[in-house]
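**Q** output the structure for:
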Amino acid sequence: MIVSDLSLIEGRRYPARRRTQNLAGGVAPIQASNFCIGNVTLDPDGGQVPWHNQEQEEVYFVIEGTAEMCLGEERQTLTSGQMVYIPPGVFHQLTNIGPTPLRMLYCYGPAGDVAHWRQELDGTLPKAGVEAPPLPSGARPQCTTKPEQA
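**A** Okay, the predicted model is just below:
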């Protein structure tokens with residue numbers, strides 16, 4: 001039996017102020033061919049999964065906290081217990097708009113790497129409104145800051 005134990009998975013910090021812990025897929029102990037799933041903690045007041053798209057379909061499930069979800073041309077607030085479906089190829093962004101850490105699960109399929117993780121670490125994310133479609137009106141800005149050290 002292969003078990004992923006969240007308490008034993010250090011995960012990775014990203015420049016947009018979040019920690020991602022792969023539970024299945026990526027560097028996780030569990031490898032599946034049809035999906036990847038992980039836990040993400042976004043820092044208070046602006047921690048983010050920046051504006052990006054990918055080939056896989058995906059869902060985000062908010063465990064605790066309050067977020068601004070941008071999906072294509074739409075923008076909406078999500079709170080604990082809500083899940084959003086992200087179709088393949090559609091640009092999306094999730095930003096913690098609350099004063100406490102936001103926890104969420106992502107699940108996408110089929111399994112495989114998503115380019116935005118490496119792009120964020122390299123400082124090469126397509127910029128909203130320049131190399132990518134613009135964010136919806138009134139949305140929090142996309143974090144495109146390259147880290148001092150990767």
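**Q** just the strands in this protein please.
**A** Taking DSSP state E as the test, the strands found in the chain are 12-14, 18-24, 36-42, 48-52, 57-64, 66-71, 74-79, 83-86, 92-96, 102-109.
**Q** nearest to Thr124, out of these?
**A** strand 48-52 (11.1 Å; CB to CB). Placement of C-beta: from N, CA and C, glycine included.
**Q** what about Tyr60, distance to Glu68?
**A** 12 Å (CB to CB, to the nearest Å).
**Q** mutual contacts of those two, please.
**A** Leu78, Leu94 (CB atoms under 8 Å, 6 or more residues apart in numbering).
**Q** what's around Gly38, how many residues?
**A** The local packing of Gly38 (other CB atoms under 10 Å) involves 21 other residues.
**Q** ok, it - contacts?
**A** Taking CB under 8 Å, 6+ apart, one finds Thr20, Gln21, Asn22, Leu23, Ala24, Gly25, Gly26, Ala28, Leu105, Tyr106 in contact with Gly38.
**Q** so where's this protein shaky on pLDDT?
**A** Low-confidence segments of the chain (pLDDT under 70): 146-150.
**Q** hmm, try it at 90
**A** 26-27, 112-117, 121, 144-150 (pLDDT under 90).
**Q** what sits against the most centrally placed residue in it?
**A** The chain has Val49 as the residue nearest its centroid, 3.9 Å off, counting by CA atoms, centre = their mean. Residues counted as contacts of Val49 (CB under 8 Å, 6+ apart) are Ala16, Arg18, Val40, Leu42, Tyr60, His92, Gln93, Leu94, Thr95.
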